[in-house]
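>>> What shape does this take:
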Amino acid sequence: MVTMKSCPIEAGRTRNRLVSDFVGLSKTRVDRAGDALARERYRTDEEYLEADDVVDHYRAAHLAPLTETTSEVQAWLDGHGQSYYLAQRLKRKPQILRKLSRLSVRLSQLQDIGGLRVIVPQNRDVDALMRFLQQRFAAQTHITLGRVTDYRERGRDRTGYRSLHVLLSREGQALELQIRSRMQHAWAENIERTSVIYGYHLKEEEGDPAVLRYFRLLSDAFYEVEGGRSPEPTLRLNIDRQREIAERIILESPRASVLASKVDHGVVRAITSKLQRSAGISNWVLVFDWNSGSFVSWTEASRTSSAAMATYVENERRFRPEDGFEVVLVGASEPKTLEQTHAHYFGLARYDEVLESLDVAVEGLSERLGLGLGERQVLLALHRRHKWGAGRVSRDTIHNIYCPTVRDLDGALDNLIAKGLVISKGGYSLNQKAKAEIESLL
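Residues are numbered from 1 along each chain as shown. Below is the predicted model of the structure:
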């Protein structure tokens, strides 16, 4: 049997197959090709290459309907009046093959090869956006709305993954729409980053159960924080204990590779400066080297689906996952959006601990959302007590009653005033003019 590494598909290999060779692929042929790659059921190089080309073509068939759907959803959201981030991605081939090998499912049955993701500020915004999109889907006929699966309250499987998943169908292709809050997305990005450090695909339930348990507990705590509730002391204690256990397991793993690098955000800024936001979706091929924590390349692929797919496949064959590379095809109307929707590729700053305590995780999350922990606590306290405009309160009251645990209260207040969220005239109160922004942050 030919193995993946011994198949003649190295960089520079040219294939002579035409797109017309794969037009109108039957489900049987698609499923047979997926099974051959996932379970290494091929006898010769030619059989491998045939199966590989069939899978590539089948995956490529999702790109045009995905991009058209993402463009439409973006146009709808621009008129919705809510803050959001929107991007699309075509599922990576290694992910597809792992899914086929671990589940009793055929390639033609996968419903998330083409996916689009919307990130909104709060969990409650997920519900509001879903109601809005349901109305939009009902008013047209070319996109079919399918099953809606809500993983937010209980969390999916042993990991605690939380999101709202919506199945769509367009031009005979299944697509998946994910709607997440920023906190749910931050958790997902955290587990993605840790998976690379650890060497196991944690979201696919690989790895030691103790590591999975840490992320499950952290997800439960995030759910409580997002709901405006303080996690119980026992949950906080369990998280810190589990973090110590999980971190020790990760660092002792022979597959562990602790990164200590920082991605240059100038890559994104340089591209953004040359482009103007448009209603259309641009496809980008990202090549990331997890050995060094840095981009190898960041290429704008053609908006033509076939050309974009050719660039994607060419890079996949050149930069192989077993060598530590990750090749991704993502789409957005502007490249800086990808810093939010695919954050685990950015800002891999030097750190001393692989995992975070709950307080550090929440504080780091708050800072990513634009607020420090102290600032967030002050905003929450004033908001709960309806201190808007003329409803002023003294610094001593905030310090002694509202927020006695904030270490640098003066710094937090100064920052909130500078951001235009708090006003100080004879006391402190929330800025009524910034109400929408304040409530989106909280």
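>>> Pull up the per-residue confidence for residue 178.
In this model, residue 178 is scored at 97, pLDDT.
>>> I figured it hits residue 163, correct?
Yes - between residue 178 and residue 163 there is a contact under Cβ atoms under 8 Å: 5.1 Å. In short, each C-beta sits where N, CA and C put it, glycine included.
>>> Give the residue from the two that has the larger number of neighbours.
residue 163 (21 against 18; other Cβ atoms under 10 Å).
>>> Nearest spatial neighbour of the more buried one, chain-adjacent residues omitted?
residue 180 (4.7 Å; Cβ to Cβ, 6 or more residues apart in numbering).
>>> sec struct for the one you found, please.
strand (DSSP: H, G, I helix; E, B strand; the rest coil).
>>> ok, residue 76 to residue 177 distance?
12 Å (Cβ to Cβ, to the nearest Å).
>>> Looking at those two, which is more packed in?
Between residue 76 and residue 177, residue 177 has the larger neighbour count (other Cβ under 10 Å), namely 25 against 16.
>>> Before we go further, that one is sitting in a strand, right?
Yes - under three-state DSSP, residue 177 sits within a strand.
>>> Touching the host helix or strand of residue 287 from outside, list them.
Assigned by DSSP states H and E, residue 287 falls within strand 282-289. Here strand 282-289 makes contact (Cβ atoms under 8 Å, 6 or more residues apart in numbering) with 63, 67, 275, 294-303, 308, 311-312, 315, 319, 324-335, 338, 342, 345.
>>> now those: which count as buried?
Neighbour counting by 16 or more other Cβ atoms under 10 Å classes 63, 67, 294-295, 298, 301, 308, 311-312, 315, 319, 325-335, 338, 342, 345 among these as buried.
>>> Go through these and flag which are in helices.
Applying DSSP state H to the buried ones among the contacts of strand 282-289, the entries found in helices are 63, 67, 308, 311-312, 315, 338.
>>> which ones are touching residue 34?
Here residue 34 is in contact with 51, 55, 58, 96-97, 100, 106-108 (Cβ under 8 Å, 6+ apart).
>>> Tell me the one of those nearest residue 396?
Among the contacts of residue 34, residue 96 lies closest to residue 396 (Cβ to Cβ), at 60.0 Å.
>>> Now do that closest one against residue 111, distance only.
12 Å.
>>> Between the two, which is the more surrounded one?
Of the pair residue 96 and residue 111, residue 96 is the one with more neighbours under other Cβ under 10 Å, namely 21 against 17.
>>> which residues touch the helix or strand harbouring that one?
Taking DSSP H and E as the criterion, residue 96 maps to helix 93-102. Helix 93-102 has contacts (Cβ under 8 Å, 6+ apart) with 34-35, 37-39, 55-56, 59, 105-107, 110, 113, 201, 204, 316, 321.
>>> In PDB, could you pull the C-alpha coordinates for it?
Output of helix 93-102 as PDB, limited to C-alpha atoms (Å, rounded to 0.1, in the frame of the first residue of the first chain):
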ATOM      1  CA  LYS A  93      -8.400  18.300   3.400                       C
ATOM      2  CA  PRO A  94      -6.700  16.900   6.400                       C
ATOM      3  CA  GLN A  95      -9.800  17.800   8.500                       C
ATOM      4  CA  ILE A  96     -12.100  16.200   6.000                       C
ATOM      5  CA  LEU A  97     -10.000  13.000   6.000                       C
ATOM      6  CA  ARG A  98      -9.800  12.800   9.800                       C
ATOM      7  CA  LYS A  99     -13.500  13.200  10.000                       C
ATOM      8  CA  LEU A 100     -14.200  10.500   7.500                       C
ATOM      9  CA  SER A 101     -11.800   8.100   9.300                       C
ATOM     10  CA  ARG A 102     -13.200   8.600  12.800                       C
END
